[in-house]
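Student: Below: sequence and its predicted model.
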Amino acid sequence: MLDDFMTRATLAGVGVAFAAAPLGCFVVWRRMAYFGDATAHAAILGVALSLTFQMSVFTGALAVALLMALTVTLLAGRGYAMDTLLGVMAHSALAFGLVAVSFLSGVRIDLMAYLFGDILAVSRSDLAVIWGGAALVVILIAWRWSQLLTATLNEELAYASGFDPKREQLILTLALAITVAVAIKVVGVLLIAAMLIIPAAAARNLARSPETMALIAAAIGATSAVAGLRAAYVFDTPAGPSIVCVAAILFACFSLLGWQRHTNS
């Protein structure tokens, strides 16, 4: 079954959707969209370092994405406006990554594949990494679900409940870095934030509880992956952007549905 490239691509897209769904809910709740962008953009520097030192792209992307996320977390609240800090870090990381890639000699690299994804080229080993990373993210979020929710709602309540909200922030940071590392092959660094935010934002119009929102976001993300791949095959369009386009269409539909429901009530 895995010999078919479309089957591997579909499984890869669904795996990324399952990883991004619960994490994307927290990104939406905490208004961390720029944080996701900064972490994702840093991954291209990780790709350059991986190719330079001949190691796994996943390892390099994970290390640099985690370093970026930790740096932003530590610098936040030290005299910088968060949106300004994230803007500087995101674009600087992407620029340094692109410059670093240009210095690679004797290495053939399809830069567009890392910027916008190359899901159709996913191999069996890539699939194992994607699903392994997705499982780790889901387990991590499920393990700390109630603590993460409490810290998201109110930091003082988190302290009163006996745990440190900063530790929960670090857990989210780790989960985000893992998601970026596994998603880079599927949708690329420029579209990873879209797969985090759009399904979760669409699910918010339908959900009545945080748990339901995470499940609906996973379903929307998986549907976007399957339908986007089919659209790319039929219309001969780029696979990664096609997946994001389907997610955006679903967001528009569910937003309209939610607006009508609110108006009728």
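Tutor: Thanks, I have it.
Student: Next one: Ala225 from Gly13, what distance?
Tutor: To Gly13, Ala225 is 3 Å away according to Cβ to Cβ, to the nearest Å. Just so you know, the C-beta spots here come from the backbone N, C-alpha and C atoms, and that holds for glycine as well.
Student: so what sits against both of these two?
Tutor: Ile243 (Cβ atoms under 8 Å, 6 or more residues apart in numbering).
Student: Now for the residue nearest to Arg204 when sequence neighbours are not counted, which secondary structure element holds it?
Tutor: Once flanking residues are discounted, Arg204 sits nearest to Met213: 6.0 Å by Cβ to Cβ, 6 or more residues apart in numbering. Here Met213 is covered by helix 210-235, with elements defined by DSSP states H and E.
Student: That helix packs against which elements?
Tutor: The criterion is 3 or more Cβ pairs under 8 Å, 6 or more residues apart in numbering; DSSP states H and E, and the helices and strands that helix 210-235 contacts are helix 5-29, helix 192-204, helix 239-264.
Student: Just the buried residues of that helix, please?
Tutor: In terms of neighbour count (16 or more other Cβ atoms under 10 Å), helix 210-235 has its buried residues at 210, 213-229, 231-232.
Student: could you check the angle helix 192-204 makes with it?
Tutor: If you take axes from the mean of the first three to the mean of the last three Cα atoms, to 10 degrees, helix 210-235 sits at 120 degrees to helix 192-204.
Student: what's near enough to touch Leu23?
Tutor: Residues near Leu23 by Cβ under 8 Å, 6+ apart: 137, 141, 172, 175-176, 179, 196.
Student: Most neighbours of all those residues, which one?
Tutor: Leu196 (33 neighbours; other Cβ atoms under 10 Å).
Student: Surely that one and Ala19 touch.
Tutor: No - using Cβ atoms under 8 Å, Leu196 is not in contact with Ala19; the gap is 9.4 Å.
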